[in-house]
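Asks: got a predicted model here, sequence first, then my questions.
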There are 2 protein chains.
Amino acid sequence: MLIIDCHGHYTTAPEPHQQFRAAQLAAFADPSLPPPGPAEISDDQIRESIEQNQLRLLRERGADLTIFSPRASAMEHHIGDEAVSQRWTRACNDLIRRVVDLFPEFFVGVCQLPQSPGVPIEHSVAELERCVNELGFVGCNLNPDPSGGHWTSRPLTDKSWYPFFEKMVELDVPAMIHVSGSCNVNFHATGAHYINADTTAFMQFIQGDLFRDFPDLRFVIPHGGGAVPYHWGRYRGLADMLKRPPLAEHVMKNVFFDTCVYHQPGIDLLFQVIDIHNILFGSGMVGAVRGIDPETGNFFDDTKRYVDALELSEEERYKVYEGNARRVYPRLDARLKEMGR
Amino acid sequence: MLIIDCHGHYTTAPEPHQQFRAAQLAAFADPSLPPPGPAEISDDQIRESIEQNQLRLLRERGADLTIFSPRASAMEHHIGDEAVSQRWTRACNDLIRRVVDLFPEFFVGVCQLPQSPGVPIEHSVAELERCVNELGFVGCNLNPDPSGGHWTSRPLTDKSWYPFFEKMVELDVPAMIHVSGSCNVNFHATGAHYINADTTAFMQFIQGDLFRDFPDLRFVIPHGGGAVPYHWGRYRGLADMLKRPPLAEHVMKNVFFDTCVYHQPGIDLLFQVIDIHNILFGSGMVGAVRGIDPETGNFFDDTKRYVDALELSEEERYKVYEGNARRVYPRLDARLKEMGR
C-alpha cells in the first residue's frame, strides 16, 4: 500500500524565489523600477530545500508520496494586480514542476491559480491547462476568497465560477479549496481564515446545487473540513431545514476532507462521523503548525500517527492512504500506474 | 441540582415586535414616514409565545432555567444606523425584561447591545448599564462583527474595545460573543458566520494579551467554541508557535464554551478536550436547527440528551449544568440565592 499525503506545500522554497517576489512587488509599487526577471535557482538549491524538509519528514514519518503545491499563504492573490498574480503564479508552479522532476517518486504537482480580486475566474483557465497538460499536474488549489479575508467574491456555487469548473471536469482534476494569507486584521491566517474558509465553502455547497450541475466535480476541503465534522449534526439539520437532500447525496459524492487535524481526538471524530470514502490522508507539511505536542512528545502535524492509531480494517486503511486519493485524482492514478505503482 | 441553559434566544417574539422593526426600517429608508412608536404587545401575547415554545421545551427536556436574550440573527447591527440600532436594541431588551417578569423562575435576562458599524463601543455602555442596573440582566451578547459579515471592526483584543470591557468588569457581567445575521452572501448566518465568528474570536484571544489587562473579564464562546475543540491541537500548537503561554493559562481562565453542538460525537469531543470547568450547558433554543435527527429520532438541539449520555461524575454534572453558570454569571448566582435556589 502506498501512503499518499494529499496536502503538502512548498513552504521551504529557496530564498531567490522570495527575493523575486519582493522585487516583483517593489516594481509594482514603483513602476520606475525594472521588472525583475525570474529567480535563478539551481537544482542543488531545490534538492537541499526538499531533502532537508519535506522529503526528510516523508521518510521519517513513513509516507511515500506527497501531492505538492506552492505555499498557500504566499499565493497572496490580494496583493498586486492580475498581471502580478499571473507572473507570480507561473513562477510558483514552475518551481513545483522542478521539484517533481527532481523527485518524481515522491512528489506530484498541484498548481496555484492566478486569481485576483474582481478578475473573472476564466483568466485562471489557461494556467490550469498549462499545469495539467504541459507540467503534468493532477489538480489545483482554488481560493474561494482572493481578497484575502474580505470575502468580496461570489459563493463557489455562483455561476460566475462555472467556466472554471467546466475546465476542471474536462481535465478530470479536483481542486483543494484553500485560501491564502489574510489581510483582514480580524483573521489570523492559519488559526482563523483557513478554518473559516473550509467551513464556509461546505455551507455554500449545502445551500447551492452545484453538484447537480457538475456531478463529476470534486473538491477536497482541507484541515479536516474546517468546523464541519465537529458540527456534523448542525449541518445535517441545516440541510434538512433548507429542504436540501441528505448530505450523503447532496454534497458528499463530490466533497472530501483531508486529515490535517492536529490531535488524536479530532481525528477520532473525523473518522467517526465522516464516511471513510470521503477522507484522504494529509498532513499539511511543512508549516502550519511546526512544534511538538508536549502532551504526546510527537509533532502536531504528524497526522499519520493519529490515523495509524485508529482501529481501521486493511480495506479502510487502503482507502484513506491510497485508494481515495487515486479516485479523487485520476491523473495521479494514471501517473502511478505508468510508474508501475 | 438546577439545569441552567446558558444560551436561549427570544426567537418567537410576538408579531407586533417585528412589525415595529419593519416600520422602523421603512422610516429609516424614507424619512417622510412617521417614526413608529413602540410595539403594543400584551402580556398574554408574550405568555403565549413563551409557553408554547421555550417554556414548553424547557419542561419537556428537563431544564430549569434559561439565560435568555433577544434573537441573535435579528440584532442586525449592520442595518440602519446608530439611532436605529439604539431604538431597536432598547425595544428588544425591554421585551426580554417582560418575559423575565412574567416567568421569573424560568428566565433571566441577557441583553443585546446597540452596536453599529464604525460607532465606538463606548456608545453601548449606557444600554449595558441600564440592562444590568435597572432591568436586572446578568450579561450581554457582544457582536465582534457589527458589519454583518464584512469584518470591518478591530479584533476584540484591540484597545478600542477596552472601555466596554472595563464596564463589564465593573458590573461583573460576562459577554457571550455572538454575531448576528450576515449580509455577506458568502456566509450563511447559522451555518458559517456564527461558527466562523466563534473560531475567529478564540484565535484573536490567542494572539492578544487581553486577559493580562483584564484578568476578571469573562466570555462565553457559543456553539461549542466554533471549530476550536475539533482543532484543539492546532490551537495549542499555534499558541506555542506564537510564543504565547499554554492555553490553560493564557485563554481558558476567561473563556468558556457552551454545549450547542448538535450531535453526540461533537459533544463527546468537547468534553474530551476541554476542561469541565470551561463548559456551560446550552441549547441555543429555539431556532438555529429546529428539526429531528433521523439518526436518533430526537431533536438536533436537545443538547441535554447528549450531555446526559456522557459518563460524568455528579460533581462534573453539577459544574456543567449549574456551577459553572453561577460562577461565570455572578449576578445570576445572586439572583438565584435571593430566590432561595
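Replies: Perfect, thanks for sending it.
Asks: switch to C-alpha atoms for all contacts and neighbour counts from now on
Replies: Will do.
Asks: pLDDT wise, what is the residue nearest to A:Q54 when sequence neighbours are not counted at?
Replies: Here the nearest residue to A:Q54 in space, its sequence neighbours aside, is A:V286; by CA to CA, 6 or more residues apart in numbering or on different chains that works out to 6.5 Å. Confidence per residue is given as pLDDT, and for A:V286 that number is 86.
Asks: how near is A:V286 to B:D198?
Replies: 27 Å (CA to CA, to the nearest Å).
Asks: ok, these two, which is more surrounded?
Replies: With other CA atoms under 10 Å in any protein chain shown as the criterion, A:V286 and B:D198 differ in neighbour count, and B:D198 comes out ahead with 27 against 18.
Asks: distance of the more buried one from A:N196?
Replies: Distance of B:D198 to A:N196, computed by CA to CA: 10 Å.
Asks: and if you look at A:A309?
Replies: When CA to CA is the yardstick, A:A309 and A:N196 sit 28 Å from each other.
Asks: also A:Q204?
Replies: As defined by CA to CA, A:Q204 lies at a distance of 12 Å from A:N196.
Asks: what about these two, which has more around it?
Replies: Neighbours were tallied for A:Q204 and for A:N196 using other CA under 10 Å; the higher tally belongs to A:N196 (29 against 21).
Asks: pLDDT at the more buried one, what is it?
Replies: In the prediction, the pLDDT value recorded for A:N196 is 98.
Asks: where's the closest residue to it other than its chain neighbours, which helix or strand?
Replies: Here the nearest residue to A:N196 in space, its sequence neighbours aside, is B:N196; by CA to CA, 6+ apart that works out to 5.1 Å. Element membership for B:N196, per DSSP states H and E: helix B:194-207.
Asks: quick one: name whatever helix or strand follows that helix.
Replies: As assigned by DSSP H and E, the chain's next helix or strand after helix B:194-207 is helix B:210-213.
Asks: which residue ranges form the helices in the stretch 1-150 of chain A?
Replies: For the stretch 1-150 of chain A, the helices identified by DSSP state H, counting those that start in this stretch occupy A:15-29, A:43-51, A:54-61, A:82-102, A:125-129, in order along the chain.
Asks: tell me the contacts of the residue nearest to A:Q54?
Replies: The contact partners of A:V286, taken as CA atoms under 8 Å, 6 or more residues apart in numbering or on different chains, are A:G8, A:H9, A:Y10, A:T11, A:T12, A:N53, A:Q54.
Asks: ok, now how distant is the third one from B:R327?
Replies: As for A:Y10, its distance to B:R327 is 48 Å (criterion: CA to CA).
Asks: tell me which residues form a beta bridge with the residue nearest to the spatial centre of chain A?
Replies: For chain A, the residue whose C-alpha lies nearest the mean C-alpha position (CA atoms, centre = their mean) is A:M176; its distance is 4.1 Å. Beta bridges link A:M176 to A:N141, A:V220 when assigned by DSSP bridges.
Asks: I'd like the distance between it and A:V138.
Replies: In this view, A:M176 and A:V138 are 11 Å apart by CA to CA.
Asks: cool, A:I41 as well?
Replies: Using CA to CA, which is the criterion applied here, A:I41 is 24 Å from A:V138.
Asks: more crowded one of these two?
Replies: Set side by side, A:I41 and A:V138 show more neighbours around A:V138, with 28 against 14, by other CA under 10 Å.
Asks: next, that one: phi, psi?
Replies: Dihedral angles phi and psi of A:V138 (degrees, to the nearest 10) take the values phi -110, psi 0.
Asks: got a pLDDT number for it?
Replies: Looking at A:V138, its pLDDT stands at 98.
Asks: where in chain A is pLDDT low?
Replies: With pLDDT under 70 as the threshold, chain A has no low-confidence stretch at all.
Asks: returning to what we had before: and the angle from the helix holding B:N196 to helix A:194-207?
Replies: 180 degrees (axes from the mean of the first three to the mean of the last three CA atoms, to 10 degrees).
Asks: other SSEs contacting helix B:194-207?
Replies: Applying 3 or more CA pairs under 8 Å, 6 or more residues apart in numbering or on different chains; DSSP states H and E, one finds that helix B:194-207 contacts helix A:194-207, helix B:232-241.
Asks: just send the ones you listed back as TSV, with distance to B:L336 too.
Replies: Written out in TSV, the entries for the helices and strands packed on helix B:194-207 read as follows (distance: least, CA to CA, whole Å):
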stretch	distance to B:L336
helix A:194-207	38
helix B:232-241	34
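Asks: and these: which comes nearest A:K304?
Replies: The closest approach between A:K304 and any of the helices and strands packed on helix B:194-207, judged by CA to CA, belongs to helix B:232-241 at 14.4 Å.
Asks: got the buried residues for the closest one?
Replies: Counting neighbours by 16 or more other CA atoms under 10 Å in any protein chain shown, one finds that the buried residues in helix B:232-241 are B:W232, B:G233, B:R234, B:Y235, B:R236, B:G237, B:L238, B:A239, B:D240.
Asks: ok, which of those also contact chain A?
Replies: B:W232, B:G233, B:R234, B:Y235, B:R236, B:G237, B:L238, B:D240 (CA under 8 Å from any CA of the partner chain).
Asks: sorry, back to before: okay if I get the helices of the stretch 1-150 of chain A as TSV plus mean neighbour count?
Replies: Rendered in TSV, the data for these read as follows (neighbours: other CA atoms under 10 Å in any protein chain shown):
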stretch	mean neighbour count
helix A:15-29	16
helix A:43-51	16
helix A:54-61	16
helix A:82-102	20
helix A:125-129	19
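Asks: A:Y10 and B:R327: which has the busier surroundings?
Replies: Using other CA under 10 Å, the more surrounded residue of A:Y10 and B:R327 is A:Y10, with 23 against 13.
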